[in-house]
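[1] Here is the input, now give the coordinates:
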Amino acid sequence: MPATLLTRLQRPLLAAGLALAIPSIGWTAPFSVESPGHAAREEAETLRKAAVQAGASPERTRIVRRYERGAGWRFLVHVDAVPDEAEVQKLLPVLAVAGAAPRVVDLATGEVVAVTAPPPPPPKTPATMATGTESARPSAARRGRREAEGVLRAAVEAHGGAAGGLAAMGDARDVTFQFVREVPVDGKPVVARHVYRRSGDSLRLDVTVQKGTGVDSVTVAGPGGGAWVVSDGKTVPRDAPRTKDIVGRFAPEQLLRVALGVAADIETATAWRELSVVGPEGDDLVVLRPEDGPSGGLVEVAFSRTDHRLRRVTMEGTGRSTVYLFDDYRELAPGLVVPHETETLRNGASVETIHVLGLDATTTIPATLFQPNTQ
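    Numbers count the residues shown, from 1 in each chain. Below is the predicted model:
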């Protein structure tokens, strides 16, 4: 057993000056084990079956779906209540992916236990690597990685740094976000002006339809736990948690999440560190892709060579390609760099466009706007 797995068990014993062997201690359900993420559910299902064959309980082995920054929605195999260290050891090589170790959690303390992934198989070396053309490829790859490092460093700074963007928004108590959103409904565009307000735990969303079928409305989740919708002059009570969830989807941290979170993602997410520059595009873009080719998740990004800001992100998963487009960036406050024009395409079709009218994270919002019968 690796020394890291002993850490949780040894700590209280060492404090008492004891030296006990692991087999002498009984543990009911000390660990959960979770695989790295997969872009396709089919891949995770194959891994789940392998884990069961390796001894994992079928009733406690399941697939979970989780959003990973920089990679999008991923499917993970989660094995709960693994009874002992020996069973954990059996699952590590099964659930490891391309040298990435599974996540092991000590259920007694909730702490993550550090484990080392089994070494990946040695890469296959084609016979043609000895030729002049093939031997030049590693140099080209290294050059692409070095270029990517420079592009990404500039992008982090241009987007306000890892402490900007989403982090800067998270520090704001009062937020007013105004925007016009267009979405297709039954093949026809619906355009509406939105005003999202947040003050502490209170939320409010005003929607005014400008084009297409729809009804103007005001939705509020007040400070006292109540929630309601006002439409056509009528006030209808609503479930407060559900209302907060719905209104929260229109927060700038959600609608602009990719652009506001890119600096932190570059600093922390593995997917961004695997990118390599593949070349310019047009007059102003530089394009980066995964060095080993796309395998789901983050497929391609493009930054402006002029201002170093994100212009396009392409992601793939579950048989669907999603492209995010950004333009007209403005720095509204130190560290808060916001694109005022965004568009989302799925499988080539536009599903949402947003034109930002304003984002204010400094002005106090009157409490009366979160009270009943307030227009």
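[2] in the stretch 251-375 of the chain, which spans are helices?
    Assigned by DSSP state H, counting those that start in this stretch, the helices in the stretch 251-375 of the chain fall at 252-255, 257-260, 262-268, 270-273.
[3] I'd like the ones you listed as TSV, with distance to Gly348 and mean neighbour count appended.
    The way it works is simple: take the backbone N, C-alpha and C, and place the C-beta from them, glycine included. Conversion of those to TSV gives the following (distance: least, Cβ to Cβ, whole Å; neighbours: other Cβ atoms under 10 Å):
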stretch	distance to Gly348	mean neighbour count
helix 252-255	21	18
helix 257-260	18	22
helix 262-268	23	22
helix 270-273	23	18
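[4] Relative to Val94, which of those helices is closest?
    Val94 sits nearest to helix 270-273 of all the helices of the stretch 251-375 of the chain, at 20.5 Å, using Cβ to Cβ.
[5] what are the C-alpha coordinates of that closest one, in PDB please?
    What follows is helix 270-273 as a C-alpha-only set of coordinates in PDB (Å, rounded to 0.1, in the frame of the first residue of the first chain):
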ATOM      1  CA  THR A 270      -5.500  20.200 -17.300                       C
ATOM      2  CA  ALA A 271      -7.300  20.500 -20.600                       C
ATOM      3  CA  TRP A 272      -5.800  24.000 -21.200                       C
ATOM      4  CA  ARG A 273      -2.300  22.800 -20.500                       C
END
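[6] From the contact counts, what lies against that helix?
    For helix 270-273, the elements it packs on are helix 262-268, strand 297-304, judged by 3 or more Cβ pairs under 8 Å, 6 or more residues apart in numbering; DSSP states H and E.
[7] Of all the ones you listed, which one is nearest Pro280?
    strand 297-304 (9.7 Å).
[8] which residues sit against the lengthiest strand in the chain?
    Secondary structure of the chain per DSSP state E: the longest strand is strand 320-333. Contact with strand 320-333 is made by 72, 160, 168, 258-259, 299, 307, 309-316, 337-348, 359-362, as judged by Cβ atoms under 8 Å, 6 or more residues apart in numbering.
[9] Taking strand 297-304 as reference, get the angle to it.
    Here strand 320-333 points in a direction 40 degrees away from that of strand 297-304 (axes from the mean of the first three to the mean of the last three Cα atoms, to 10 degrees).
[10] What are the boundaries of the strands in the stretch 151-300 of the chain?
    174-185, 188-199, 202-211, 217-221, 227-231, 234-237, 275-281, 285-290, 297-304 (DSSP state E, counting those that start in this stretch).
[11] Can you list the strands that the last one pairs with?
    Sheet pairing of strand 297-304 (DSSP bridges) gives strand 285-290 (antiparallel), strand 310-317 (antiparallel).
[12] Make TSV out of the ones you listed and add distance to Leu332, mean neighbour count and mean pLDDT.
    What follows is these, written out as TSV (distance: least, Cβ to Cβ, whole Å; neighbours: other Cβ atoms under 10 Å; pLDDT from 0 to 100):
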stretch	distance to Leu332	mean neighbour count	mean pLDDT
strand 285-290	24	20	93
strand 310-317	16	21	93
